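Participant: build the 3D model from these lines:
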Amino acid sequence: MFSLSNNHTYDKGAAGLAATLRFWESMPEDVVTTGLWRGADDYSRIPLQTVNGVTIAYLSYTEHTNGIPTSSSMPANVIYTSQTDVIEQQVRAAHQQADFVIVGVHWGVEDSHTIVDGQRTLAQQLADWGADVIVGTHPHVLQDAQWLSAADGRQTFVAYSLGNFLSTQNRPDQLVGAILNLQLQKTTEPDGSVHCAVRGPKLHVTVTHYDAGKSNVRTYLFRDYTPELAKAHGVRAAYPNFGYDYIRQTAQTYINSEFLELA
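Facilitator: Numbering: from 1, shown residues only. Coordinates of the predicted model:
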């Protein structure tokens, strides 16, 4: 499953969007995308995926597109986080059609570990409208996660920022990210009633490593990383404080221990 909604979606204009659509439409049927829509008439289409009898709806939104506006020449468009009326309609519809609703949101302040009020407000709204999991991206660094109590009593999990997965950015904390792992549990009782719940969310810490000159770039799970690799990291030329303990401390500082997975 791939989200196509972020601040770079419009970078190459109408031609880039057309190429994006052609590429993803050439993929096998089991590849699901969300976040690009062929105009307002397409907003009622909810991307769905069924795995082991569990139906999952995927939606995604972005805070901005680097100042590039939506144009009538574009064959598809994103939905901005400011379009809360549209988002509410989509999330509520997804909640009716699927067992679980997963929402990706490209939001927040770049290079900041601080969760701003706008993120918290939208996260609670998404939970109340029917989202079960909210996955945040854009800040390039880790931000915390939490459970939210939805209006109907459900528990919604939100990870405000997973940081970078693979990048050649320059700051030490931009090289520490996380993979979110969780279980979507659907239980059918003898009386036929169905209960759905998100279980055991964990953020598995990752490290993007590169050699001198930003060469040989690769990403490790922290549990597979070593102090020796950290000492050889190319970022140390500018930031000699980067090291194995720095990575651990960064993750422990910004991620609640309830959700943090280092080993």
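Participant: quickly list what Ala159 is bridged to.
Facilitator: Val135, Ala145 (DSSP bridges).
Participant: same check on Tyr220?
Facilitator: Note on Tyr220: beta-bridge partners Val207, judged by DSSP bridges.
Participant: now it: how far from His204?
Facilitator: 11 Å (C-beta to C-beta, to the nearest Å). To be clear about C-beta, it is placed using only N, CA and C from the backbone, and glycine gets the same treatment.
Participant: which of those two has more residues huddled nearby?
Facilitator: His204 (18 against 14; other C-beta atoms under 10 Å).
Participant: is it true that that one touches Asn181?
Facilitator: Yes. The criterion here is C-beta atoms under 8 Å, and His204 meets it with Asn181 at 6.0 Å.
Participant: overlap of the contact sets of those two?
Facilitator: Common neighbours of His204 and Asn181 (criterion: C-beta atoms under 8 Å, 6 or more residues apart in numbering): Glu261.
Participant: pretty sure Gln124 sits in a strand.
Facilitator: No. Per DSSP: H, G, I helix; E, B strand; the rest coil, Gln124 lies outside any strand segment and is helix.
Participant: and it, what does it touch?
Facilitator: Leu148.
Participant: cool, Lys231 as well?
Facilitator: Contacts of Lys231 (C-beta under 8 Å, 6+ apart): 243-244.
Participant: one more: the one 4 residues further on?
Facilitator: Contacts were defined as C-beta under 8 Å, 6+ apart; by that measure Val235 touches 170-172, 175, 210, 242.
Participant: CSV for those, including neighbour count, pLDDT and distance to Ala19?
Facilitator: Converted to CSV, the contacts of Val235 look like this (neighbours: other C-beta atoms under 10 Å; pLDDT from 0 to 100; distance: C-beta to C-beta, whole Å):
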residue, neighbour count, pLDDT, distance to Ala19
Asn170, 12, 96, 30
Arg171, 14, 97, 32
Pro172, 20, 98, 35
Leu175, 28, 98, 30
Tyr210, 20, 98, 29
Phe242, 22, 97, 37
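Participant: from those, which land in strands?
Facilitator: Tyr210 (DSSP state E).
Participant: could I get the contacts of Val235 as JSON lines with distance to Leu162?
Facilitator: As requested, these are exported to JSON lines (distance: C-beta to C-beta, whole Å):
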{"residue": "Asn170", "distance to Leu162": "19"}
{"residue": "Arg171", "distance to Leu162": "16"}
{"residue": "Pro172", "distance to Leu162": "17"}
{"residue": "Leu175", "distance to Leu162": "13"}
{"residue": "Tyr210", "distance to Leu162": "19"}
{"residue": "Phe242", "distance to Leu162": "20"}
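Participant: so where do the helices sit in the stretch 51-200 of the chain?
Facilitator: With helices called from DSSP state H, counting those that start in this stretch, the stretch 51-200 of the chain shows them at 84-97, 117-129.
Participant: how close does the residue of the chain most remote from its centre get to Gln124?
Facilitator: The C-alpha centroid of the chain is most remote from Asp191, which lies 36.2 Å away (C-alpha atoms, centre = their mean). Relative to Gln124, Asp191 is positioned 32 Å away (C-beta to C-beta).
Participant: for Ser26, same thing?
Facilitator: For Ser26, the distance to Gln124 - C-beta to C-beta - is 38 Å.
Participant: what of Glu25?
Facilitator: Separation of Glu25 from Gln124 (C-beta to C-beta): 35 Å.
Participant: could I get the CA-only coordinates of stretch 97-104 as CSV?
Facilitator: Extracted as CSV, the C-alpha positions of stretch 97-104 are listed here (Å, rounded to 0.1, in the frame of the first residue of the first chain):
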residue,chain,number,x,y,z
GLN,A,97,-17.1,0.2,4.4
ALA,A,98,-14.1,-1.3,6.2
ASP,A,99,-13.2,-3.0,9.5
PHE,A,100,-10.3,-0.6,9.9
VAL,A,101,-9.5,2.8,8.6
ILE,A,102,-5.8,3.8,8.3
VAL,A,103,-5.1,7.5,7.5
GLY,A,104,-1.7,8.9,6.5
